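1. following is a predicted model, sequence given first.
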Amino acid sequence: QQDLTHAAAVVDSIPKTKRIDQVAISPDGQQVAAIVEGQLTVSSASGGDSRSIPLRSKQQAREVAWSNDSRQLAIIGDLDSDVPQSDIYLYNGGAAKSIASLKGYVQTPRFSPDGSKLALLFIEDLPRVAGPLQPMTPLAGVIDEKVYEQRITTIDVASKAIKQVTPADVYIYEYDWLPDGSGWAAIAAHGSGDNNWWIARLYRGDAATGELHEIYAPKLQLAMPRVSPDGKTVVFIESLMSDEDVVGGDIYIVPIGGGEARNLTPGIKTSPASLRWTKDGHILFGQNVDGESGFGTVNASGEIAKLWQGPDEVSDASTSGTIGGSFSADGALSAIVRQSKSEAPEIWVGAIGKWTKLTSVNEEAQATWGKSNSVHWMNGTQRIQGWLTAPKEVKQGEKYPLVISVHGGPSASCKNSWDVHYAAPLSLMGYYVLCPNPRGSYGQGEAFTRANVKDFGGGDYHDIVSAIDALAKEYPIDTKRVGITGHSYGGYMTMWAESQTTRFAAAVSGAGLSHWLSYYGLNDIDEWMIPFFGASVYDDPAVYLKSDPMHFVKQVKTPTLILVGDRDGEVPMEQSVEWWHALKTFNVPTTLVVYPNEGHAIGKPADRRDYAVRTAAWFEEWFAKVK
Ligand SMILES: CC(=O)N[C@@H](C)C(=O)N[C@@H](C)C(=O)O
């Protein structure tokens with residue numbers, strides 16, 4: 001049994017932080033709608049006036065969108081029920097009024113340009129929250145292989161008539177209205193939504209007939225379709241991306257009628273992540289720049305201008321930390337959620353780079369842990385960046401353990417974000433914490449993101465472990481007490497690292513991927529591996545075996561804690577069970593903790609706390625045993 005006492009006290013000493021779900025500035029730049037822990041407020045963008053907007057029966061607000069004339073705010077409010085059900089509200093200054101009740105999962109509200117219709121992405125009768133990170137329906141009996149499609153659905157604002165518009169056999173991932181309201185540019189695929197995002201294409205959808213006309217079939221993954229103000233072209237991001245909504249890559253432009261897509265940012269050494277058109281025909285984009293946030297513009301000729309760069313994470317909070325913001329129609333004002341490892345999330349408003357703080361929802365949440373900074377090191381000729389958090393207290397002449405916390409994806413990044421699960425508790429335990437951005441990550445351009453293709457656990461692994469000796473030259477790190485942890489791809493890298501070296505004193509693998517050969521047939525999203533491995537496991541098992549922790553498991557000596565949700569469809573629990581079984585067989589100290597009714601992303605606060613407590617306690621126990 002692990003002694004959790006000290007770690008629990010440390011984790012419980014971390015101040016509670018309020019979650020900011022979304023910020024949206026009105027197109028006229030006058031008002032800011034914000035959802036904080038499911039509660040909606042609308043405030044004056046200049047500060048002062050702020051109204052809270054209650055929904056029926058204490059429903060939680062999840063998403064909002066403004067109409068172009070800034071008069072109406074659409075709100076998705078969730079009922080507290082076992083299966084997803086939502087009411088759709090309109091707010092125009094009085095009480096929010098429900099205009100529709102939908103059974104199933106609904107997201108991405110967007111008004112038509114003239115404000116007469118509200119479009120939504122709707123999966124009728126879906127029995128769970130959409131997306132592969134959510135808890136999957138457990139398998140039992142004859143397996144229901146019903147495919148639930150996400151369709152663009154419109155509500156006529158005057159008559160409240162609801163119409164599921166796009167075809168019943170196509171899943172729409174993202175969309176953007178055409179400026180004349182006649183339809184949309186949409187990213188879509190036939191069949192299973194969770195699995196087919198990696199093969200989705202760009203279409204033009206007709207709002208009257210629902211028909212979809214293909215515009216572009218990409219080589220890789222697509223995100224952020226945005227139609228130009230004249231309706232003639234669509235810009236989007238195309239890149240090697242491992243997860244829907246975790247965006248980074250090059251910006252492309254294609255005629256709305258289809259044809260050649262042109263890369264507007266070839267060779268850019270950053271990772272654009274969000275897009276919008278400006279009135280003067282430029283594309284304003286948010287980007288990951290060497291682990292920091294930035295904004296820039298590019299025009300249709302590919303001329304790029306840098307507008308701002310800063311270390312803090314800056315987003316509109318609606319998708320997992322995608323760098324960007326919510327903008328007024330003229331682009332002059334933006335509302336952002338800004339955070340860092342030492343500043344809890346708050347909403348800021350202003351021109352890009354000149355924001356002032358609008359909220360103080362997390363005023364009480366002061367960082368009591370060590371400072372963080374962006375660090376660089378060399379792996380051979382490759383320069384690597386990461387975020388290093390110092391222990392709470394560093395005394396002259398003493399050395400401190402290091403925990404490397406590897407991000408998931410692998411196409412993702414560590415940013416300078418408020419991190420109460422790894423950086424804060426482990427720093428308070430007295431450790432250095434490094435979150436590295438090895439090859440495969442965002443922040444250095446597309447070639448760097450693609451540099452892990454057919455090489456998982458190769459270059460990226462060396463980028464990570466090379467940090468240990470490099471950082472020990474600059475910081476008082478005890479190289480005998482080094483641990484590794486991570487969730488998902490980070491959990492895989494943890495298993496892989498301990499199968500390659502015995503230099504780690506302890507390891508904690510969350511939802512790790514231990515055996516590519518069995519993983520391929522167990523998970524719900526096998527399409528994600530094809531762009532990375534070049535073939536399925538059935539066609540080219542050797543390319544998977546090369547990166548397979550299980551193939552090297554007899555070499556593992558590192559005490560390992562394994563944590564996973566029992567309803568994980570992205571990296572199923574069985575991957576953790578297999579690793580645990582093998583480590584026990586070879587007498588490697590190990591503990592497996594399975595969180596009931598949790599999916600890939602551990603969601604319940606009590607489970608998240610337990611995860612953080614056990615992680616901290618595991619490193620404490622095994623670092624103490626190092627001679
Ligand atoms: C595509 C995929 O399944 N990736 C996982 C291995 C992964 O790392 N997912 C991300 C979202 C994570 O951080 O959990």
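-> Received it, and whenever you're ready, just let me know what you need. Computed from a predicted structure; not experimentally measured.

2. C-alpha from now on. contacts and neighbour counts both.
-> Noted.

3. how about the residues of this structure by the ligand?
-> Within the chain, the positions near the ligand by Cα under 6 Å from any ligand atom are 242-243, 408-410, 487-489, 528, 570.

4. widest-spaced pair of those residues?
-> Spatially, the most separated pair among those is 487 and 528, at 17.1 Å (Cα to Cα).

5. okay, these two: which has more neighbours?
-> residue 487 (26 against 21; other Cα atoms under 10 Å).

6. correct me, but the more buried one touches residue 511?
-> Yes. Residue 487 is within contact range of residue 511, at 5.6 Å (criterion: Cα atoms under 8 Å).

7. check which helix or strand the closest residue to residue 122 other than its chain neighbours maps to.
-> Sequence neighbours aside, residue 106 is the residue nearest to residue 122 in space, at 4.4 Å (criterion: Cα to Cα, 6 or more residues apart in numbering). In this assignment (DSSP states H and E), residue 106 forms part of strand 97-111.

8. could I get the phi/psi values of residue 131?
-> Dihedral angles phi and psi of residue 131 (degrees, to the nearest 10) take the values phi 110, psi 150.

9. where's the residue nearest to residue 122 relative to residue 406, distance?
-> 32 Å (Cα to Cα, to the nearest Å).

10. hey, where'd the helices end up in the protein?
-> Remark: helices assigned in the chain by DSSP state H are 5-13, 193-196, 423-428, 446-449, 459-472, 489-500, 516-522, 530-533, 541-545, 573-585, 605-624.

11. where among the ones you listed is average confidence lowest?
-> Comparing mean pLDDT across those, the weakest is helix 193-196, with a mean of 93.

12. that one packs against which elements?
-> strand 170-177 (3 or more Cα pairs under 8 Å, 6 or more residues apart in numbering; DSSP states H and E).

13. CA atoms of the strand it packs on as PDB?
-> Output of strand 170-177 as PDB, limited to C-alpha atoms (Å, rounded to 0.1, in the frame of the first residue of the first chain):
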ATOM      1  CA  VAL A 170     -22.100  11.800 -43.000                       C
ATOM      2  CA  TYR A 171     -20.300  13.100 -39.900                       C
ATOM      3  CA  ILE A 172     -19.600  16.900 -39.900                       C
ATOM      4  CA  TYR A 173     -16.600  17.900 -37.700                       C
ATOM      5  CA  GLU A 174     -16.400  21.600 -38.300                       C
ATOM      6  CA  TYR A 175     -18.100  24.200 -40.500                       C
ATOM      7  CA  ASP A 176     -18.200  27.800 -41.400                       C
ATOM      8  CA  TRP A 177     -21.100  29.700 -43.000                       C
END
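
14. for that strand, which outside residues touch it?
-> Strand 170-177 has contacts (Cα atoms under 8 Å, 6 or more residues apart in numbering) with 110, 112-113, 121, 149-152, 183-193, 197, 223-227.

15. how about that strand: buried residues?
-> Within strand 170-177, the residues that qualify as buried are 170-177, counting by 16 or more other Cα atoms under 10 Å.

16. tell me which two in those are the farthest apart.
-> 170 and 177 (17.9 Å).

17. got a list of what residue 421 touches?
-> 608-609, 612.

18. out of the residues you listed, flag the one nearest to residue 75.
-> Checking the contacts of residue 421 against residue 75 with Cα to Cα, the nearest one is residue 608 at 28.2 Å.

19. the nearest residue to residue 158 once chain neighbours are set aside: how many residues sit nearby?
-> Excluding the flanking residues, the one nearest residue 158 by Cα to Cα, 6+ apart is residue 116, at 7.1 Å. By other Cα under 10 Å, 16 other residues sit near residue 116.

20. what does residue 466 give?
-> 16.

21. which residues touch the closest residue to residue 310 other than its chain neighbours?
-> Using Cα to Cα, 6+ apart and skipping the chain neighbours, the partner closest in space to residue 310 is residue 293 (5.5 Å). By Cα under 8 Å, 6+ apart, the contact list for residue 293 reads 286-287, 309-314, 323.

22. ok so, going back, turn the buried residues of strand 170-177 into JSON lines, including pLDDT.
-> Converted to JSON lines, the buried residues of strand 170-177 look like this (pLDDT from 0 to 100):
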{"residue": "170", "pLDDT": "98"}
{"residue": "171", "pLDDT": "98"}
{"residue": "172", "pLDDT": "98"}
{"residue": "173", "pLDDT": "98"}
{"residue": "174", "pLDDT": "98"}
{"residue": "175", "pLDDT": "98"}
{"residue": "176", "pLDDT": "98"}
{"residue": "177", "pLDDT": "98"}
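
23. much appreciated, bye for now.
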